[in-house]
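Chemist: My questions concern the predicted model and sequence given below.
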Amino acid sequence: PLMAVGLQAQTEELPIKEIDLVHFSHTDVGFTDHPAVCREMFRRYLEVALDQAQESAKRPSGQRFYWTAESTLAVKDWWDQALPPRRRQFLQALRAGQIEVTALACNNTPFMNARQWQMMVRWLPEEVWEVARPTVAVQDDVNGFPRAAAKAILDRGVRRLFTGINEDSGGVPFPRPAAFWWKQPDGRRLFVWLNIGYGSGFDLFETGEWRRGPVPRAADTVFRPPRAGELLRSDEASVRAAHKRCVGMLRDLARRGYTHKLLTISLTSQWRFDNDPPFPPMVDFVETWNRLGLRPTLRLTTVGDTMARLERALGPSAPEYSGEWTDWWANGTASAPREVAASRFAKRWIEAVESPVWGPMPVAARQTVDELVRQLCLFDEHTWGSSLSVAKPYSLDTLGQFNEKSRLAFLPMARAEWLLSQRARTRLVGEGEGLFVANPTPGLYSGWVSLTATALREDYRSVEDPQTGTRSRIYFAPGVQPWGRAQRPEDFSREDISATFPDNAPNQVATFWVEGLAPNTVKGLRLAREQAEDAPPANATGPTVDTTDLNWPKAITWPGMTKPLFLPGFGELVAIKVAGFAPRSTLADIRGAGPKREQLRREKLEEVWAIAAARAAATENPHTTRFEQAIQHPRLEWGTRVLEVWKRAPRVRFTLRLNRRTSAAPEILYATFPLPTGEVLPRLSNGGVTFTPFTDQLPGTCRDYFAVDGWAAYDTPDGHWLWVSRDAPLIAFGDSPTLALLSAPPPNRHRLLAMLFNNFWYTNFVADEHGIMEFQFDLVWRREGTADAAAAAAALAAEPVVLINPAPPEHPLLMRHLFRP
């Protein structure tokens, strides 16, 4: 009794008078189990929560069960399979406030575009959204939250954000728990709660973890969820012991500066922490605690209820911050560059499908786009694979989970390309005979149009503009000859790893040049057998190209420029190698080394540069000059880099193809792009919302690398540079940003690095993506800047749509049933 009296006196000294408990399942679409199993479990968990809510609905308010659906993905999956009576019960639980649905489909990575963010807040059927009326978005686990996401939820009427960041390999903007107002570029604000951690609520009451494994599969029958009496025990002695621990934890929070009367924490369960079912005995624990008169009082509630209370209690004094919330975990996405490239092709083709050049969108096409965007949202969901994906990279579980993840990139890529072809056919089939070139982007297109040469059928040598009568030459280049047989060793390039069909057979690719194809337009041309020679304008002056001893360009300047387009070192490849017998443990040591971090970085991180394997071969035509060079590196079977230089415009296209050797050892591959932009920081964009790195960010957010829409725009007194990445959406700046934990712009900030590959993570992401990868980048200079860098970047990264329409009409049944979207 004396101990209890003393403990009660201590609680009266504490500022915290109430603790709100939010109970949910943290939804990883994978990680603990195959994604298909996870999604089935999510549906079943909602059944448990609904029954428990109904069973407790008539109890006194302090004895009712409350459940928060962290993601709308789980709710929609359940809704789609539920019968009408069960749906009505669910809607009643929503109205009663015992079950709450939050605003977003899933916990996300920062690689979604604006279209995806619109889908993320419209995942649910409108009839469910209208009843649920989410007031809170939840982002758990992940270390960032793009302003594009904030804009999407604010546009949907949601102005509160609840976060449960996992600081492993990352961090939080400020010490937590904490609340702040996050001001957006348009002046609107989000009220943000930095929760201690999405499953850390148990730490207030339990002295150790109940879970074992720590991440057993749900199908492993030697593991199970905790039962009543094993966790948060509700007998008086256990509750008083939990209270004693809680008071000690709260005193520590008070010493660290948390002085508010209300504290909100969240709890999952302790089967695995992630993807866990409801824990109904929690209600009995809370009821006993409050019946004993222990302080602070406990409330089991939903996230929307507690966020409203937090805003009332903490909002008036909460600080305000602005800036992009960049994600420390974004580097994991670079572990699968081919899949990322596929997802980006899919997104570009979906934008092309929506182009007004094709006319109004049919209902069926819009439904297809909706389906594909949902798949791409799940590709950009934060779960990438098994908890043992790195430790056991070739286990069936690892391969099975990544197979499902990969499908979410490759399937929408294939279907978006097919849908785009349907849109092109239905729009152009009635235009008569000819070759049609469409630019379905919002930017001007100048460059090559490529097609497989066998599509020409006859010996065509040029294309003619019927409006002007001008002809452009068709150029023929070597390429793959499907089902062909090599006649000589030269028919195989050094890149042909299977030596099956020749990949260097002559006259396999046909190309011709188009200049100034306007945005969202179609140009009709006529195929001609007559020869034609392209000729540049008589007064055209090409660039001055300065090359290395091995003929690789190191600086190029066009007339009118005071500085070159780029600096020496453009298009180099560098790998970051980690020393140590357990290198991923070494990486963790570096991150946590504090003042010794720089010393450890110097000792344990090594830069290994690729070198030229031969002299660069230069080929020239009236429009461009092309430099191609083999490179070699210890981590590559082979590498090839190509720089194509536009003659009449300050522009280059850099293409890097490499064949990475298999290895699960941690490494990063960067391509380097030093620019003559001095100390100027670029404009970047994420999800369609622009920001300036380093200066326009929340404190404590990632500055070592940045997830971007695919472009960086530099505005300087010497002109305007626009750098565009087709495939790699992660960039860094400076000389050596790896684990630098930057808080300010680094020296040599003019040096942009494209992160091509990164398998530093020890879990969840891909350990060993090897084989052939291709990356394409464009760089242009303009004397005058452009306000719409995104539109220009879209045109630079895209290829025109080409359709050959013969004289005979297409059969109407094929048009109706095959080619109509």
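Modeler: Nice, thanks for sending it over. Numbering: from 1, shown residues only.

Chemist: by contact count, what packs against the top helix by length along the chain?
Modeler: Longest helix in the chain, counting residues (DSSP state H): helix 396-428. Contact analysis of helix 396-428 by 3 or more C-beta pairs under 8 Å, 6 or more residues apart in numbering; DSSP states H and E lists helix 35-56, helix 337-353, helix 363-379, strand 434-439, strand 801-805 as its packing neighbours. Placement of C-beta: from N, CA and C, glycine included.

Chemist: what angle do that helix and strand 434-439 make?
Modeler: Interaxial angle of helix 396-428 relative to strand 434-439 (axes from the mean of the first three to the mean of the last three C-alpha atoms, to 10 degrees): 120 degrees.

Chemist: May I see the buried residues of helix 396-428?
Modeler: Neighbour counts using 16 or more other C-beta atoms under 10 Å place 397-398, 400-402, 404-406, 408-413, 415-417, 419-428 of helix 396-428 among the buried residues.

Chemist: Identify the residues contacting whatever helix or strand residue 450 lives in?
Modeler: Residue 450 belongs to strand 445-452 when elements are defined using DSSP states H and E. The contact list for strand 445-452, computed with C-beta atoms under 8 Å, 6 or more residues apart in numbering, reads 437, 439, 479, 508-517, 519, 623, 646, 649, 795, 798-800, 802, 804.

Chemist: Now, of those residues, which are buried?
Modeler: Applying 16+ other C-beta under 10 Å to those, the neighbour count classes 437, 439, 479, 508-514, 517, 519, 623, 646, 649, 795, 798, 800, 802 as buried.

Chemist: In helices, which of these appear?
Modeler: Using DSSP H, the subset of those located in helices is residue 795.

Chemist: about what we covered before: got the CA positions of the strand holding residue 450 in CSV?
Modeler: Listed in CSV are the C-alpha atoms of strand 445-452, where the atom choice follows Å, rounded to 0.1, in the frame of the first residue of the first chain:
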residue,chain,number,x,y,z
TYR,A,445,9.5,17.1,-79.6
SER,A,446,12.6,17.2,-81.8
GLY,A,447,14.6,14.0,-82.4
TRP,A,448,14.6,10.6,-83.9
VAL,A,449,11.6,8.5,-84.8
SER,A,450,12.5,4.8,-84.6
LEU,A,451,10.7,1.7,-85.9
THR,A,452,11.5,-1.9,-86.7
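
Chemist: Run the chain-centre distance for it.
Modeler: In terms of C-alpha atoms, centre = their mean, to the nearest Å, the gap separating the centre of strand 445-452 from the centre of its chain is 29 Å.

Chemist: Next: stretch 389-404.
Modeler: On C-alpha atoms, centre = their mean, the centre of stretch 389-404 falls 20 Å from that of its chain.

Chemist: Look at that stretch and report the distance between its end residues.
Modeler: Counting by C-alpha to C-alpha, to the nearest Å, you get 13 Å between the two ends of stretch 389-404.

Chemist: Measure how far the helix or strand where residue 814 lies is from the centre of its chain, please.
Modeler: For residue 814, the element it lies in under DSSP H and E is helix 812-814. Its chain's C-alpha centre and that of helix 812-814 lie 40 Å apart, by C-alpha atoms, centre = their mean.

Chemist: tell me the average confidence for it?
Modeler: Within the predicted structure, the mean pLDDT of helix 812-814 is 97.

Chemist: quick one: the longest helix of the chain to helix 35-56, angle?
Modeler: Orientation of helix 396-428 against helix 35-56 (the same axes, to 10 degrees) gives an angle of 100 degrees.

Chemist: can you state the direction angle for helix 396-428 and strand 801-805?
Modeler: 50 degrees.

Chemist: next one: phi and psi at the residue nearest the centre of the chain?
Modeler: Centre of the chain computed as the mean C-alpha position; nearest residue by C-alpha atoms, centre = their mean is residue 111, 2.4 Å away. Dihedral pair for residue 111: phi -120, psi 10, per degrees, to the nearest 10.

Chemist: and the closest residue to it other than its chain neighbours, how many neighbours?
Modeler: Counting by C-beta to C-beta, 6 or more residues apart in numbering, the nearest residue to residue 111 once its immediate chain neighbours are dropped is residue 380, at 4.8 Å. Using other C-beta atoms under 10 Å as the criterion, residue 380 is surrounded by 23 other residues.

Chemist: What of residue 164?
Modeler: Residues within reach of residue 164, counting by other C-beta under 10 Å, total 27.

Chemist: is it fair to say it lies in a strand?
Modeler: Yes. Secondary structure of residue 164 (DSSP: H, G, I helix; E, B strand; the rest coil): part of a strand.

Chemist: Check the residue lying closest to it once chain neighbours are set aside and give its pLDDT.
Modeler: Spatially, and ignoring its direct neighbours in sequence, residue 164 is nearest to residue 198 (2.9 Å; C-beta to C-beta, 6+ apart). Turning to residue 198, the model gives it a pLDDT of 95.

Chemist: Residue 5 too?
Modeler: Confidence per residue is given as pLDDT, and for residue 5 that number is 54.

Chemist: Number of residues surrounding the residue nearest to residue 64 when sequence neighbours are not counted?
Modeler: Beyond its immediate neighbours in the sequence, the residue positioned closest to residue 64 (C-beta to C-beta, 6+ apart) is residue 56, lying 4.5 Å away. Residue 56 sits with 17 neighbouring residues when counted by other C-beta under 10 Å.
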